[in-house]
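*Asks:* Need coordinates for the below:
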Amino acid sequence: MNWGALESLLSGVNKYSTGFGRIWLSVVFVFRVMVFVVAAERVWSDDQKDFDCNTRQPGCANACYDLYFPLSHTRLWALQLIFVTCPSFMVVMHVAYREERERKYRLVHGENARLYDNPGQKHGGLWWTYLLSLFFKTFIEAAFLYLLHYIYNNFELPRRVQCELWPCPNQVDCYIGRPTEKTVFTYFMVGASAVCIVLNICEIFYLIAMRMLKISHRGRRRGSPTKRSEICSRHLVLGHSLQGAGQ
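*Replies:* Below you'll find the predicted structure:
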């Protein structure tokens, strides 16, 4: 898989992210993608070959391996990384839609006309799109962590497993290759995913808090005495001018 292409696509998201979003992107590529590509794929590259059972019955080792490893860790993590980065493209597509509207607006009203102060500024619909993408990313991360724990019952890989599936002649013992190393990488990837969930939650609260502060500040400005006196003076001036016009 070409992870460089994914990185180049997500680099555009970095321009519209908050500080928490930039940290999230760094964690994804440094502590997850890099570790996955450089080390994790090699650790699990020969896991089926190293899965050894104390029988030579043809097909027994394959049946037991499929029982205890119905879905490979590396393929599950690859799917997780793909799905967890997809919601970020919602923000990029929304900004692209705004830029296209801005271009068409300038064609009609002239080059100096502006529909948006900044197409990438998080306000209006783009703020909701960004917030929705954070909820999606958090849900996907939590769902994959639950799926990993549900499939393997635990994040720790045992050294020995017992199997009595057909075509095994009886209950046989099977041994997983390098279980300690695989357990370490599993906990590392789970920990990185948990950190990403915390960053997403922090960014959600940050966006909501900043939005509430902006709304309250806007309300104070509208309800300030200076603003009310300006409105009253305008009404008085307008009343006097209408009265003079009637006379």
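*Asks:* Does residue 104 lie in a helix or a strand, and which?
*Replies:* For residue 104, the element it lies in under DSSP states H and E is helix 88-109.
*Asks:* list the buried ones in that helix?
*Replies:* Neighbour counts over helix 88-109 (16 or more other Cβ atoms under 10 Å) mark 88, 90-92, 94-95, 98, 102 as buried. (Glycine included, C-beta is placed from N, CA and C.)
*Asks:* which one of the residues you listed is nearest residue 18?
*Replies:* residue 91 (11.3 Å; Cβ to Cβ).
*Asks:* and residue 173, that one's in a strand?
*Replies:* Yes - under DSSP: H, G, I helix; E, B strand; the rest coil, residue 173 sits within a strand.
*Asks:* what number of residues lie near it?
*Replies:* Residues within reach of residue 173, counting by other Cβ atoms under 10 Å, total 13.
*Asks:* picking up where we left off before, could you dump the buried residues of helix 88-109 to a markdown table with pLDDT?
*Replies:* Converted to a markdown table, the buried residues of helix 88-109 look like this (pLDDT from 0 to 100):
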| residue | pLDDT |
| --- | --- |
| 88 | 81 |
| 90 | 84 |
| 91 | 83 |
| 92 | 81 |
| 94 | 82 |
| 95 | 82 |
| 98 | 80 |
| 102 | 81 |
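*Asks:* Tabulate the residues you listed in a markdown table, adding columns for distance to residue 59.
*Replies:* Below are these laid out as a markdown table (distance: Cβ to Cβ, whole Å):
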| residue | distance to residue 59 |
| --- | --- |
| 88 | 44 |
| 90 | 46 |
| 91 | 49 |
| 92 | 48 |
| 94 | 52 |
| 95 | 54 |
| 98 | 58 |
| 102 | 63 |
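*Asks:* now, which of the residues you listed sits nearest residue 192?
*Replies:* residue 88 (16.9 Å).
*Asks:* And the helix holding residue 104, how far out from the chain middle?
*Replies:* Relative to its parent chain, helix 88-109 has a centroid offset of 23 Å by Cα atoms, centre = their mean, to the nearest Å.
*Asks:* In CSV, list the C-alpha atoms belonging to that helix.
*Replies:* Only the C-alpha atoms of helix 88-109 are listed here, as CSV (Å, rounded to 0.1, in the frame of the first residue of the first chain):
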residue,chain,number,x,y,z
SER,A,88,-10.7,14.2,7.4
PHE,A,89,-11.4,14.3,3.6
MET,A,90,-14.9,15.7,4.4
VAL,A,91,-13.2,18.9,5.5
VAL,A,92,-11.0,19.1,2.4
MET,A,93,-14.0,18.5,0.1
HIS,A,94,-16.0,21.2,1.9
VAL,A,95,-13.2,23.7,1.5
ALA,A,96,-12.9,22.8,-2.1
TYR,A,97,-16.6,23.3,-2.5
ARG,A,98,-16.3,26.8,-0.9
GLU,A,99,-13.4,27.7,-3.2
GLU,A,100,-15.4,26.7,-6.2
ARG,A,101,-18.3,28.8,-5.1
GLU,A,102,-15.9,31.7,-4.5
ARG,A,103,-14.5,31.3,-8.0
LYS,A,104,-17.9,31.3,-9.6
TYR,A,105,-19.0,34.3,-7.5
ARG,A,106,-16.0,36.3,-8.7
LEU,A,107,-16.7,35.5,-12.3
VAL,A,108,-20.2,37.0,-11.9
HIS,A,109,-19.4,40.0,-9.6
